[in-house]
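K.L.:
What follows is a predicted structure for the sequence shown.
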Amino acid sequence: MAIENVVQTENELIKLAQTGDRSAFAKLYDFYMRKIYDFVYYKTMQKEQTEDIVSQIFLKAWKNINSYQQNSFSAWLYTIARNTVIDFYRQDKNNRNIDDFWDLASNDDLLAKVNNSLQLQKIKKLMINLKSEERDIIIMRFWLDLSFKEIAERLSKNEGAIKMSLKRTLDKIKGEALWSLIIAFPQIENIWKKMS
C-alpha cells in the first residue's frame, strides 16, 4: 500500500512537471539524483564528468518531460542516462586513460591506493570488454545493489532475461578478471554459485 502511494505521488509530480511546474520536477530530481549520479559515476569513474553528465541528463529530462508517457519514469530516466553517457564517450574518444577514471581519497595510505588502483585497473579492463548492457547490469546489480526486478524495470526487460544475461556475463568472465571482481565485490561469488 505504501508503494502504491509513492507511485501515485510520483505520477502526480510528473503530471505537474508536464504542466511546467518546476518544483514538482525538483522533487523528482531530488528522488532520482543520487541513483542516476551513482549509475553514471560507475560508468565514467570521473567525478567532474559525472557531474556534467548528470546535469545534462536532468536537463534533457526536463526539456522532454512532455514526451514521457505513463510507463516507468525510472526506466525512462535511465534510458536518458545511458544515452547521455554513450554520447559523452562518442564526443570524447581520448577519455580512455585509466588514471583519469578513478578518484581515490587523498587520506588513503599509499599501499591501499596502489592496491585499489591495481584492482580497479583489472575491473576497468574487464568492463571495457563487455557489451554496454552487460556492463549496465553488473553496475546496477553489484555497485548500485539493485534487485533483478529493479534492473528489469530500468532496462525495460523481464526479470528472467536480466538473470540469464548476468549469468552468461559471469560465465564469460574467467580467471583473474573474475577474481578481481570477487575481491572487490564478494557477493558476486555467492550470486554466481547460486546461478550456476
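P.N.:
Looks like it came in fine.
K.L.:
Name the nearest residue to residue 54, sequence neighbours excluded.
P.N.:
residue 37 (5.2 Å; C-beta to C-beta, 6 or more residues apart in numbering). The way it works is simple: take the backbone N, C-alpha and C, and place the C-beta from them, glycine included.
K.L.:
Could you say which helix or strand holds the one you found?
P.N.:
In the assignment (DSSP states H and E), residue 37 maps to helix 22-44.
K.L.:
CA-only coordinates of that helix in CSV, if you can.
P.N.:
Extracted in CSV, the C-alpha atoms of helix 22-44 (Å, rounded to 0.1, in the frame of the first residue of the first chain):
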residue,chain,number,x,y,z
ARG,A,22,9.5,23.3,-11.7
SER,A,23,9.0,22.5,-8.0
ALA,A,24,7.4,19.2,-9.0
PHE,A,25,10.3,18.3,-11.2
ALA,A,26,12.7,19.4,-8.5
LYS,A,27,11.1,16.7,-6.2
LEU,A,28,11.6,14.1,-8.9
TYR,A,29,15.2,15.3,-9.3
ASP,A,30,15.8,15.0,-5.5
PHE,A,31,14.4,11.5,-5.5
TYR,A,32,16.4,10.2,-8.5
MET,A,33,19.6,12.3,-8.5
ARG,A,34,21.7,10.1,-6.3
LYS,A,35,20.7,6.9,-8.2
ILE,A,36,21.4,8.5,-11.5
TYR,A,37,24.7,10.0,-10.2
ASP,A,38,25.9,6.6,-8.9
PHE,A,39,24.9,4.9,-12.2
VAL,A,40,26.8,7.5,-14.3
TYR,A,41,29.8,7.6,-11.9
TYR,A,42,30.3,3.8,-12.1
LYS,A,43,30.3,4.1,-15.9
THR,A,44,32.8,7.0,-16.1
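K.L.:
hmm, who's touching that helix?
P.N.:
10, 12-14, 16-17, 47, 50-51, 53-54, 57-58, 61-62, 65, 73-74, 77-78, 81, 84-85, 88, 101, 135-136, 139-140, 143-144 (C-beta atoms under 8 Å, 6 or more residues apart in numbering).
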